[in-house]
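Participant: what's the 3D shape of this:
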Amino acid sequence: MGMIDQFLWVIFPYICMVIFIVGHIYRYRVDQFNWTAKSSEFIEKKKLKAGSMMFHLGIIPVIGGHVVGLTIPQSWMETLGVSDHMYHIGAVYIGSLFGVVTLVGMILLTSRRFTMKNVRQLSSASDMIVNVLLLFIVFMGMYSTLVTNAVQPDFNYRETISVWFRNLFLLRPDASLMIHVPLSFKIHILAGFGIFALWPFTRLVHVWSVPLNYVGRRYILYRKHRKYES
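Facilitator: From the prediction side, this is the model:
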């Protein structure tokens, strides 16, 4: 195991996580008024509506699947009665279904941003980079799930990637766990950490602007104004 492996699977992930945290704090303190996503809905609605709906419909279960697969040890799942076969069905078949939905949504959104002149002119360089990188991440995730798993059926990411990921947060990084991981998975992971490093400096920050205060806000009452004659 050389210095490259140590950098890719220990140093680089920590750098990305530090940038993610510090970058958000900095952005919030100095640039709150731009903490939003510039809408291009008035230029084109059809592709935006279809692509955005598919992307958001797919990405939430995909993220949930990643959280379960990476953070919950295999032994815990077995204790809960989830066999390898059951997990495989959920991860590969159900996960692939939502992954395809996410991928199609990203293709629509990316093609819209690059092929429509007015939308492209409204977009910043960071918008373009984020779109392409997200599309690449989703594509590599689908490739790893459908192609790499079929070619290398004996590979179990829960014994390698998942353990490596948990050890990062336990401050016990072990780059050796990633040496024999298939290349497609490695690319998917590195690109994923890359998007986390870019996150605070792009429109992705609008993800955190969830209007939860509306739930407990008082209703606005509208009363008809009457004119009284003297």
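
Participant: could you point out the longest helix in this structure?
Facilitator: Longest helix in the chain by number of residues (criterion: DSSP state H): helix 46-71.

Participant: buried set for that helix?
Facilitator: The neighbour-count check on helix 46-71 (16 or more other CB atoms under 10 Å) flags 47-48, 51, 54-55, 58-59, 61-62, 65, 68-70 as buried. (Glycine included, C-beta is placed from N, CA and C.)

Participant: and after that helix, which helix or strand comes next?
Facilitator: Remark: after helix 46-71, the chain's next helix or strand is helix 74-79, criterion DSSP states H and E.

Participant: taking the mean pLDDT, what do you get for that next one?
Facilitator: Averaged over helix 74-79, pLDDT sits at 88.

Participant: quick check: what element follows that helix along the chain?
Facilitator: helix 84-88.

Participant: what lies in contact with the next helix or strand after that following helix?
Facilitator: Scanning forward in sequence from helix 84-88 by DSSP H and E, the next helix or strand is helix 95-115. Residues outside helix 95-115 that contact it (CB atoms under 8 Å, 6 or more residues apart in numbering): 44, 47-48, 50-59, 61-62, 65, 119-120, 123, 127-128, 131-132, 134-135, 138-139, 141-142, 145-146.

Participant: apart from its neighbours in sequence, what residue is nearest Met54?
Facilitator: Gly105 (3.2 Å; CB to CB, 6 or more residues apart in numbering).

Participant: can you read off the pLDDT for that neighbour?
Facilitator: pLDDT, Gly105: 95.

Participant: ok, now the one 3 residues further on?
Facilitator: Residue-level confidence at Leu108 comes out at 93, pLDDT.

Participant: how about the nearest residue to it once chain neighbours are set aside, what does it touch?
Facilitator: Nearest non-adjacent residue to Leu108, counting by CB to CB, 6+ apart: Gly51, 3.2 Å away. Residues near Gly51 by CB under 8 Å, 6+ apart: Gly105, Met106, Ile107, Leu108, Leu109, Arg112.

Participant: pLDDT below threshold where in the protein?
Facilitator: Within the chain, the stretches with pLDDT under 70 are 1, 32-45, 209-230.

Participant: if we go to 50?
Facilitator: For the chain, the stretches flagged by pLDDT under 50 are 212, 214-215, 219, 222, 230.

Participant: of the buried residues of helix 46-71, closest to Arg27?
Facilitator: Ile59 (21.9 Å; CB to CB).
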